[in-house]
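Novice: Need a 3D model of the sequence below.
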Amino acid sequence: MVIELSVAPRIVIALGGAHRCAAVRGLRPLSAVKNLARAQAVALLNWTWCQGHATGFTLRHEASGQPFGEHLLLGRRHVSLSHSLAWYASATGDIPLGIDLQYYRPFSGAALRWAFSEAEQRLGRIQACAVWAIREAFLKSHGRGLPYELRTIGIDWRTGLVSSADGSLPSRRFWLWRSLDWTCALCFPAEESMSFRANVTVFSLPTPSAFGALS
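Specialist: Purely as a prediction, here's the structure:
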């Protein structure tokens, strides 16, 4: 499935899962899911910026671990990817962005104290995973990652904005998707000059193999 925001600047998202593979009867080996996520990200870069059928993008990483797409002729493009259990997601755009997908799961006591405020620690599993996904996507949009005290990242559900407690990281706007199995968050710059109130267009690819990584 591909979700494309019909606005400028351009952001394209792909979601996939290894759940259809016969080998998946619980936990699929983490390395295999990571490889699927990376392959999907490269395919998404080529599909988005090379008119669908051309190739040439390579997935590279900054010293911090932040991924980016590099093309000999087209230069660099922002990219973010995530995986959880057998599910994975990737996003690319011409602005900084971060994506995080969380399979619905319980959190340990230590994780609850580290990632959630006292009030948030009483949230149900679905809501807690959504909060985690938004906060981690926020960090990724700034080229940051874990470990980080996630509970210090504020979420304004009314305005759809995310911000760091000390203001050291600029605010981001967030979008959130949910399914029966997972929740997925996207964070991107919150400049008022950007118009992100257009409709989200959702369309399906002919087959999962169209990305070369969705199996």
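Novice: any chance you could map the strands in the chain?
Specialist: 2-5, 11-17, 58-61, 67-71, 75-84, 87-93, 98-103, 153-156, 161-164, 172-178, 182-189, 200-203 (DSSP state E).
Novice: so which of these is the most packed in?
Specialist: strand 87-93 (a mean of 27; mean count of other Cβ atoms under 10 Å). Using the backbone N, CA and C atoms, a C-beta is placed for each residue, glycine as well.
Novice: packing partners for that one?
Specialist: Using 3 or more Cβ pairs under 8 Å, 6 or more residues apart in numbering; DSSP states H and E, the elements in contact with strand 87-93 are strand 11-17, helix 30-49, strand 75-84, strand 98-103, strand 182-189.
Novice: Quick check: which of the ones you listed is nearest to Phe138?
Specialist: strand 182-189 (4.7 Å; Cβ to Cβ).
Novice: So which elements touch that closest one?
Specialist: By 3+ Cβ pairs under 8 Å, 6+ apart, strand 182-189 packs against strand 11-17, strand 87-93, strand 98-103, helix 125-141, strand 172-178.
Novice: can I get the ones you listed in a markdown table with distance to Gly154 and mean pLDDT?
Specialist: Below are the helices and strands packed on strand 182-189 laid out as a markdown table (distance: least, Cβ to Cβ, whole Å; pLDDT from 0 to 100):
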| stretch | distance to Gly154 | mean pLDDT |
| --- | --- | --- |
| strand 11-17 | 23 | 71 |
| strand 87-93 | 22 | 87 |
| strand 98-103 | 16 | 93 |
| helix 125-141 | 9 | 96 |
| strand 172-178 | 11 | 92 |
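Novice: Need the ones you listed in TSV (columns: distance to Ser164).
Specialist: Below are these laid out as TSV (distance: least, Cβ to Cβ, whole Å):
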stretch	distance to Ser164
strand 11-17	22
strand 87-93	21
strand 98-103	13
helix 125-141	8
strand 172-178	10
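Novice: of all these, which lies closest to Leu72?
Specialist: strand 87-93 (17.0 Å).
Novice: between the helices and strands packed on strand 87-93, which gets nearest to Gly124?
Specialist: strand 182-189 (11.8 Å).
Novice: So for that closest one, mean pLDDT?
Specialist: For strand 182-189, the mean per-residue pLDDT is 91.
Novice: can I get the strands of the chain in CSV with distance to Asn46?
Specialist: Shown next, in CSV, are those (distance: least, Cβ to Cβ, whole Å):
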stretch, distance to Asn46
strand 2-5, 13
strand 11-17, 11
strand 58-61, 10
strand 67-71, 9
strand 75-84, 10
strand 87-93, 10
strand 98-103, 18
strand 153-156, 33
strand 161-164, 30
strand 172-178, 23
strand 182-189, 20
strand 200-203, 18
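Novice: Ok, which of these comes nearest Leu146?
Specialist: Per Cβ to Cβ, nearest to Leu146 of these: strand 98-103, 10.5 Å.
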